[in-house]
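Peer 1: here's my sequence, what's the structure:
(2 chains)
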Amino acid sequence: MTQQITATHNSTLAIATYGLTKRYDRHIAVNEVELRVKSGEIYGLMGVNGAGKTSMMKMLAAAESPTKGEIYYNGDRLLLDSSSSNIKKYIGYLPDNYPLYDDLTVWDYLDYFARLYKIPASRRRVRVYEVLELVKLEDKRNSLIPTLSRGMKQRLGLARTIIHEPIILLLDEPISGLDSIARNQFRSILQVLQEAGMTIVIASPILRDLTEVCTTIGIMEYGFLVDDITLTDIKQYKTSQQILVTTLGELTALETALSKNSLVKEWQRIPNKNSLQVKFLGGESDSVNLLRSLIEQGLPIAEFNQIEEDWETILLKRRNYFNENNDAFSP
Amino acid sequence: MTQYMKPTNKLIDYVNRFGGWNPQFLREIKGKLTIKNVIVITTIAIFSQLFIVIANLAKLPDASQEISHNSSELIYSAIPQYSRYCIGKASDSLLCHQDMHNNWVINWQLFWFDIFVTLSVIGTVLLLVLGTYLLINNAIAEQKQGTLNLIRLSPQSAESILVGKILGVPILLYLFVALGLPLQIISGLQANLSLSLVIAFDLAVMASCAFFYSVGLLVSFVANKSVVSWGVAIAIAFFLGLTTILNLDHYQSNTQTLLDWLLLFNPLNLIIYIGQTTGIPYHHFDYPDFGFFGSYLSGYDYDKNYIEPIALSNLLFYGKALWTKVGFGIGLMIANHCLWSYWIWQGLKRRFYNPENTAISKQQSYWITGYCVAVALGFSLQGTENGQGTGEWLFFNIILVQLLLLILFLGFTFALSPQHQTLQDWARYRHQMGNKRSVLWRELILGEKSPSTFAIAINILIATLYIIPSLIIFPFDDMAISAFWGLILTMGMVLFYSAIVQWILFSKSNHKEIIASGVIISLIVLPPLLLSLKGLYVGEAPLTWMFTFVPYAAIEYATPCTIALGILGQWLAITLVSLQMTRQLRQAGRSESYRILKNG
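Peer 2: Predicted coordinates:
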C-alpha cells in the first residue's frame, strides 16, 4: 500500500527516518514512515486530522520517543537523552498550540530562550532584535505576552522557534486559525527563512496552505506517508502540456486544422464555450509553431493559453493512478 | 550594536552574567522578583520579626510594677512576678528577683535562645512545606501549558533547568527567610551558640530543602495533577510534626528502631541537639511548644516538657554512637540528605529527558536496595537501654526492616513498571529492536522497556542475601531460626504483592495506578483484620496467617511442615500471577496480521 518516492542518494539529506512508527495502544499513529527531506527544502506534510502529522512532528522534534524506528539529522541519530543536545541546537520546533508564558514580556521571553540555546551574550541582544524585526513585533517588545493578538502570539512563537538560528524548522499547523493578512505575513517570513537556507517541515491539513510555500509535499493517510512529490516531479508531469484554444469561428474548422499537427495528441470540447482543451506533446517552440500555423490558415484565434495544472489535480491524479495499479494486483 | 551591550549598571550586569550561567533561574526571577513583590515581602518579614521579638519581650517581668525600696513594708506587699526568663526557683514557675540596683535579673540567654528557636522553626517549616508546594505547583503548571516541553527541547541539561527552578521558583520565600537570617544568627550568638553551629544548622536545613524539593519535582513529573502539590505539602508538614513528636515525646528520645532513620530527615531535630551546647538546663528547651506560642498554650507549666537532651546523640548505627559529637552528627544528617537527593536526581534526569521513561532504571534499583538494606540494618542493631531481651528486640527490629522493604519494593514496582504502551511495544517489536545480541534474560534484568517482575525478584534476592548473614552475626539468641523463616516468608509475600501490582498496571484502565494501590492496600490490611474479626488468631491458624503481610506472627506457632506448606503456597500463587501476566503480554505482542487472521 505504501508508495514512497525514494530520495536520490547523491543530495544531502537534512532529515531521514527509517521505519519510524508510533503506536498508541492498538492505534498506529505513524506507520513505518521513511521520510527524506533534502537540505534547503520546504517540505509540506499534508493530511487530515488524525493522519499522524502531529505525532510525526513530535517525534522529529524529540518531544516524543518513537515506538520503533530511527531519526537522523544530517546523518546524526536523534535520541531522547542527554546525548542529543548538539542536534537539538539546530532544530526549531513550533508545536500546534505554541505555548507561551503569561508573566513575561515579549523581549524577556525571547531573551530567555536565547539564553536557553546558549547564544553568547555579545550576540544575544542583536539576535533578539533581528527576530523581532523579522516577525514584525519590534514595537511590541515591552508588552506582556497576554496582551498580544492571536496572530502576534503565533509570530512570537515562530520568533522563539528561530531565535537560535536553527537549520531545521518543524512547524506544526503554523497558520491555522489566522486571518488572511496574518497568513500572508507568515508566508513571507517563511520565504525569508528559506532564502536564508533553512530546511523547513510544515504540517497542515489544508493543501493550499502548503502549495503556496512548499517545494515538496508529502501526504499522510492513516499513519502512512503515502506519497511525496517535488516541484521537479510536477514539471515532469507538465511535459505533456495542456493548451486552451478559443476561436471566434467554427470549432470543426479548428479541429481539422489541429488534426493535421502530429504533436497534438487529443482534445476535448469545453462545454458552453467555443474552446478546446488540447493535449500537446511538443515544447514551447512547437506550441509557437502551432499557433502560427493556425493563424496562417486564417482561423480567428481569440485565445491560446497554456493551462497550469494545480497541485491538487496532479496529486489527485497520482493517487488515482496508484490506487488503480494497486487494485490491479489485489485478489 | 555596541549600545545594546553596554550594561546600564553593575547590578544588571551581574544578573545577566548569572543568567548566562543559568537561564532558568534568571527567567524565574524576572517573573517574580518585581519591585512590588520585594517591598511587600520585606515589609512582612520585618513586621513578623518585630512581632516575635515583642512577643518575647512581653514575657519579661513588668517593669511598671517595680517595687519601691523606700518603704520596707512595700517589699512584702508587692505582687510576686513570675516569668520564663527569670532566674528564681519556685515550685511551679520561676520567681523573678531583682539585683542590688533594683533591676530585674533576666535570663537573657534563654530569651535569645527562644527567639532563635522560633525563627529557626518558622523558617524551616516555611521552606520545606511552602517551598515544596510552590515548586510542584510551578512544575505542574508548566507541564499543563506545554512550556516544559519547549524547555526540554533546548540543549540545556536537566541539571541546569531543574537547579534553576529550585533556586528561582521560591525566590520570594527565600527572600523572606534570608531577611530573618541576621536576627537568627544574632539570637543564636546571644544564646551562646557558636557561629559555626548556627551555620551548620542552616546548612542542614538547606540540604533538607534540596532533598524535599527534589522529591517534589519528581512527584510532579510522575503524577501530573494539581492536587499533588497540596498532598505533598500536607505530607511533609505531617512528617515534620510526626518525627519531631517521635523525637520528643518518647521517653528515650529515640525509638531504638529503624524509625530513628526518619529523624535524620527532619532538621528540626537538630535544635535540641545543638541546644545542649548552650548550657541551658534541659527542662528549658521549651520545644516543640516552641517560643511564645508554647508558653501561651501551656500556661506556666514549664515542667511539662522535661526531656532528656540526648536526642540524636543516643542513636546507634551498627552499634556505634556516631551522633555524639554535634558537628559530626550534623554532617551525617547533611550526608543522608545529599545521598537521597542524589538517588532522586537520577530519576529526575530520566523523566526530564524522556517523560515516558520509568522513574528509575532497573540497575539503579539494585543499588538503592543495597544502600537501603545496609542503612536500615545499621539502625536496627540498637540495643534497648534497659537491656530487656536483646534477641527479641532485634527480632522486632528485623521485622521493621522488612516492612520498610515491603514499602520500598512496592514503590519500585510502580517506579520500574513501564507504561502499558511501552510494555506492549516491547512485546510486539522486541525482536525487531536493538542489536541481535540482546538476550531475553539480559533485557529482563537491565532493559529499559521490559516488565519489572524479574528485577523486583533480584532486588528481593539482594535484600535477603544481605540480611541472612546478619541473622548469624547479630546477637539474635535463639530467635535466629524464626527470623530466617520469617524473612523467607515475608519476601515471598512481597514478591506476590509486586506481581499482583504489575498485573494490574498492565491493564488498560486509565486509573490503573489507583486501582493497583487500592488492591494492594486491601490485600495488606484486610486479611489480618478479617482473620482477627472471625476470631482466627495466629495461634489457631498459623498457615492462613502466612499469607498476610506479617507472616512473622505465625512462625512461633508453625511446625516445619506448616512453614514448608506456606512457602509452597506462596510460590504457587506467584507463579500463577506471573503466568497470567506473561500470557497477556504475549497476547498484546501479537502482530496485527495474526489478530486479523484469527478474528477473520
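Peer 1: any low-confidence regions in the chain?
Peer 2: Using chain A. In the predicted model, chain A carries pLDDT under 70 at residues A:1-11, A:82, A:232, A:234-240, A:308-331.
Peer 1: should've been chain B
Peer 2: Applying pLDDT under 70 to chain B picks out residues B:1-20, B:63-79, B:88-94, B:246-255, B:280-314, B:383-389, B:431-438, B:591-596, B:598-600.
Peer 1: indicate the residue of it located nearest to chain A.
Peer 2: Proximity of chain B to chain A (C-beta to the nearest C-beta) peaks at residue B:23, 3.3 Å away. The way it works is simple: take the backbone N, C-alpha and C, and place the C-beta from them, glycine included.
Peer 1: tell me what the top strand by length along chain A is packed against?
Peer 2: For chain A, the longest strand by residue count, based on DSSP state E, is strand A:13-24. Contacts defined by 3 or more C-beta pairs under 8 Å, 6 or more residues apart in numbering or on different chains; DSSP states H and E place strand A:13-24 against strand A:27-33, strand A:36-38, helix A:53-60, strand A:68-73, strand A:199-204, helix B:420-429.
Peer 1: residue B:26 touches residue A:113, doesn't it?
Peer 2: No - counting by C-beta atoms under 8 Å, residue A:113 is not a contact partner of residue B:26; they are 11.7 Å apart.
Peer 1: would you list every one of the helices in the stretch 451-600 of chain B?
Peer 2: B:453-473, B:480-505, B:512-533, B:542-545, B:552-555, B:560-588, B:592-599 (DSSP state H, counting those that start in this stretch).
Peer 1: on contacts alone, who are the packing partners of the fifth one?
Peer 2: Using 3+ C-beta pairs under 8 Å, 6+ apart as the contact criterion, the secondary-structure elements in contact with helix B:552-555 are helix B:480-505, helix B:542-545, helix B:560-588.
Peer 1: now these as CSV including distance to residue A:142 and mean neighbour count?
Peer 2: Output for the helices and strands packed on helix B:552-555, formatted as CSV (distance: least, C-beta to C-beta, whole Å; neighbours: other C-beta atoms under 10 Å in any protein chain shown):
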stretch, distance to residue A:142, mean neighbour count
helix B:480-505, 50, 21
helix B:542-545, 72, 20
helix B:560-588, 55, 15
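Peer 1: can these go into JSON lines with extra columns for distance to chain A?
Peer 2: Rendered in JSON lines, the data for these read as follows (distance: least, C-beta to the nearest C-beta, whole Å):
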{"stretch": "helix B:480-505", "distance to chain A": "15"}
{"stretch": "helix B:542-545", "distance to chain A": "40"}
{"stretch": "helix B:560-588", "distance to chain A": "9"}
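Peer 1: contacting residues around residue B:184?
Peer 2: Each residue near residue B:184 by C-beta atoms under 8 Å, 6 or more residues apart in numbering or on different chains is listed here: B:116, B:119-120, B:123, B:198, B:202.
Peer 1: circling back to that earlier point, any chance of the helices of the stretch 451-600 of chain B in TSV, plus distance to residue B:105?
Peer 2: Shown next, in TSV, are those (distance: least, C-beta to C-beta, whole Å):
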stretch	distance to residue B:105
helix B:453-473	56
helix B:480-505	59
helix B:512-533	58
helix B:542-545	65
helix B:552-555	59
helix B:560-588	70
helix B:592-599	90
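Peer 1: residue A:231: which of those is closest?
Peer 2: Closest approach to residue A:231 among the helices of the stretch 451-600 of chain B (C-beta to C-beta): helix B:592-599, 36.2 Å.
Peer 1: ok now do the residue lying closest to residue B:456 once chain neighbours are set aside, which residues does it touch?
Peer 2: Spatial nearest neighbour of residue B:456, excluding adjacent residues (C-beta to C-beta, 6 or more residues apart in numbering or on different chains): residue B:498 at 4.6 Å. Residues near residue B:498 by C-beta under 8 Å, 6+ apart: B:409-410, B:412-413, B:452-453, B:456.
Peer 1: circling back: in the longest strand of chain A, what's buried?
Peer 2: Neighbour counts over strand A:13-24 (16 or more other C-beta atoms under 10 Å in any protein chain shown) mark A:13-17, A:20-23 as buried.
Peer 1: what helix or strand is the residue in the stretch 1-150 of chain A that chain B sits nearest to on?
Peer 2: Distances between the stretch 1-150 of chain A and chain B by C-beta to the nearest C-beta are smallest at residue A:115, namely 3.3 Å. Per DSSP states H and E, residue A:115 falls inside helix A:106-116.
Peer 1: residue B:113 too?
Peer 2: Per DSSP H and E: helix B:108-125 holds residue B:113.
Peer 1: against which helices or strands is that helix packed?
Peer 2: Right, helix B:108-125 is packed against helix B:35-57, helix B:171-190, helix B:195-222, helix B:227-249, helix B:270-275, helix B:291-298 by 3+ C-beta pairs under 8 Å, 6+ apart.
Peer 1: so which of these is nearest residue B:538?
Peer 2: Across the helices and strands packed on helix B:108-125, closest to residue B:538 is helix B:227-249 (C-beta to C-beta), at 27.9 Å.
Peer 1: orientation of that closest one relative to helix B:108-125 in degrees?
Peer 2: 150 degrees (axes from the mean of the first three to the mean of the last three C-alpha atoms, to 10 degrees).
Peer 1: return the residues of the stretch 201-350 of chain B in contact with chain A.
Peer 2: Proximity of the stretch 201-350 of chain B to chain A (C-beta under 8 Å from any C-beta of the partner chain) is limited to residues residue B:349.
Peer 1: so which bits of the helix or strand where residue A:256 lies are buried?
Peer 2: For residue A:256, the host element (DSSP H and E) is helix A:251-259. If you call a residue buried by 16+ other C-beta under 10 Å, then helix A:251-259 has these buried ones: A:251, A:254-255, A:257-258.
Peer 1: contact partners for the residue of the stretch 151-300 of chain A found nearest chain B?
Peer 2: Closest contact between the stretch 151-300 of chain A and chain B, by C-beta to the nearest C-beta, is at residue A:160 (7.6 Å). Taking C-beta under 8 Å, 6+ apart, we find residue A:160 in contact with A:94, A:109-110, A:113, B:150.
Peer 1: switch those over to TSV; also include distance to residue B:480 and neighbour count.
Peer 2: Output for these, formatted as TSV (distance: C-beta to C-beta, whole Å; neighbours: other C-beta atoms under 10 Å in any protein chain shown):
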residue	distance to residue B:480	neighbour count
A:94	66	24
A:109	66	24
A:110	69	24
A:113	63	22
B:150	59	24
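Peer 1: closest one to residue A:170 out of these, please.
Peer 2: Taking C-beta to C-beta as the measure, residue A:170 sits nearest to residue A:94 out of these, at 7.0 Å.
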